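In: Below are the sequence and a predicted model; questions follow.
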Amino acid sequence: MDCCRKVSGVAESSQRAKPGSRRLRLILLVLGALAAAATLTVIVVVYLLLQPDRFTAMLQTQAHSAGLDLRLASPASPSLFPRPALELEGITLSAEGANAPILLAARGHLALPWHTLFGGPTVISQLQIDSPRVDLDALQAWMAELPAQPENAAPNIPRIDTGVEITHGSVVRGNEVLLDNLSLRAGSLVSGQPFPLNVTATAAGVPWWLQLSATPRIKGNTLQLDNISLHLSQAGNMTMALNGRAHWHGAADAAASLAGTFNRAAAGQYDISLVLTPANQNNPLLLVLKLDGPGSHANLRLPPLALARWWGQLVDPQGQPLAVPPGSGRAQFDTIDVGGVHIEGLTMQAGDGVPAAVGTSATPAVPVASK
């Protein structure tokens, strides 16, 4: 009899518990539905606020205005946390009508200020690019096709509120990798405030570091760079530190004055100065280089573009014959080691305006290169 009472009591207790269990399940279902609705609402709000199509169209429009074609492998995906951003996948940037892309990147991340989401100006506060590949030939071809800038056009500083970050990048020319493992980090770019830039890369298997700081300003129709501080170093081989200022008025109307020291491992310290003089009706843009130190002396006036081509021949692994650099001046080096090339006893004289050595008269010199 007692056993039956116990069984009956358990059954009654179970029956009394069923309404409570149903209420609990109902509450859980309601909460789950509310959570799903909230999640769906957040997704809709994120999409409506960020409007990926709006920003993708903006980027493509800005690229088109510069003669570039921007394509993405998939539509941009938005996110609100920890801050508003757009994720870009499979980025391809090409000159309009060109076959070879200027830039290929695995992905990009665009951070946006909150005021942009609520109808403010369309601004990108931070740009991150992962694994970009830049083709130097395609870039130079696009730049060569750019229209000439009006003489009195005021330069513009593209504002970067937070910065730019590039990781795992590379720079190529055809099938040749010029720079690998490229990382770039830039701070805020605002007129009148210091702008920091840090770059690391590997060239021919050797690590390089670049640190640059300058304060950009717009004065009238001139872009001015004050308080330039540049540090360039190659692992275990050389370091260079320069300070100065520069300004740009458009096209080849540029000027700069930098001075500092150049240190070579096991060779010593050199005094170095770089002066960039603007082009005029009679002369192209010229770089005046002066170097003085143990076993090396130089006073050269070189067109920068021609100098870049000569430098490319010097470090070319195919081993093209060494030619006297374009321009005029005199240079004497006991030894030079560049890109695996070792040269001893190099003396160069070129141009009608060769600077006279101390205690001698200035006379025209015939180009000479000794090795």
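Out: Yes, it's here.
In: And the helices in this protein?
Out: Applying DSSP state H to the chain gives helices spanning 2-50, 52-65, 114-117, 136-144, 304-314.
In: Please identify the buried residues of the fourth one?
Out: Judged by neighbour count using 16 or more other CB atoms under 10 Å, the buried positions of helix 136-144 are 136, 138-139, 142. Backbone N, C-alpha and C define where each C-beta goes, glycine included.
In: okay, Met240: pLDDT?
Out: What the model reports for Met240 is a pLDDT of 93.
In: unless I'm mixing things up, it is touching Ser233, no?
Out: Yes. Met240 is in contact with Ser233 according to CB atoms under 8 Å; the separation is 7.3 Å.
In: just to revisit the earlier point, could you export the buried residues of helix 136-144 as CSV, including distance to Asn263 and pLDDT?
Out: Shown next, in CSV, are the buried residues of helix 136-144 (distance: CB to CB, whole Å; pLDDT from 0 to 100):
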residue, distance to Asn263, pLDDT
Leu136, 29, 85
Ala138, 36, 88
Leu139, 32, 86
Trp142, 37, 84
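In: so which of those comes closest to Gly174?
Out: Nearest to Gly174 out of the buried residues of helix 136-144 is Leu136 (CB to CB; 8.7 Å).
In: Closest to Lys290 out of the buried residues of helix 136-144?
Out: Looking across the buried residues of helix 136-144 and measuring by CB to CB, the closest to Lys290 is Leu136, at 28.8 Å.
In: what's the closest one in contact with, if anything?
Out: Listed by CB atoms under 8 Å, 6 or more residues apart in numbering, the contact set of Leu136 reads 171-173, 178.
In: List buried residues within these.
Out: Buried among the contacts of Leu136 (16+ other CB under 10 Å): 171-172, 178.
In: Throw these into TSV and include pLDDT, thanks.
Out: Listed next are the buried ones among the contacts of Leu136 as TSV, based on pLDDT from 0 to 100:
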residue	pLDDT
Val171	91
Val172	90
Leu178	87
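In: Out of those, which sit inside strands?
Out: 171-172, 178 (DSSP state E).
In: Relative to Pro216, which of these is nearest.
Out: Among those, and counting by CB to CB, the member closest to Pro216 is Val171, at 24.1 Å.
In: what stretches of the stretch 151-300 of the chain score poorly on pLDDT?
Out: 151-161, 251-252 (pLDDT under 70).
In: Would you state the strands of it in chain order?
Out: For the stretch 151-300 of the chain, the strands defined by DSSP state E, counting those that start in this stretch occupy 163-173, 176-186, 195-203, 206-219, 222-234, 238-248, 254-264, 268-277, 286-293, 296-302.
In: Just checking: what are the partner strands of the last one?
Out: When sheet partners are counted by DSSP bridges, strand 296-302 sits next to strand 286-293 (antiparallel), strand 328-338 (antiparallel).
In: so can I have a markdown table of those strands showing mean neighbour count and distance to Leu70?
Out: Below are these laid out as a markdown table (neighbours: other CB atoms under 10 Å; distance: least, CB to CB, whole Å):
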| stretch | mean neighbour count | distance to Leu70 |
| --- | --- | --- |
| strand 286-293 | 17 | 34 |
| strand 328-338 | 16 | 37 |
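In: Of those strands, which is nearest Val199?
Out: strand 328-338 (19.5 Å).
In: tell me the mean pLDDT for the closest one?
Out: 76.
In: so which of the buried ones among the contacts of Leu136 comes closest to Ala100?
Out: Val172 (10.3 Å).
In: gap between that closest one and Arg133?
Out: Separation of Val172 from Arg133 (CB to CB, to the nearest Å): 6 Å.
In: ditto for Gly163
Out: From Gly163 to Arg133 the distance is 21 Å (CB to CB).
In: Pull up the gap between the nearest residue to Gly174 once chain neighbours are set aside and Leu182, please.
Out: In space, and not counting its chain neighbours, Gly174 is closest to Asp137: 6.4 Å by CB to CB, 6 or more residues apart in numbering. Look at Asp137 and Leu182: by CB to CB, they are 17 Å apart.
In: neighbours of Ala306, just the number please.
Out: Other residues near Ala306 come to 14 when the count uses other CB atoms under 10 Å.
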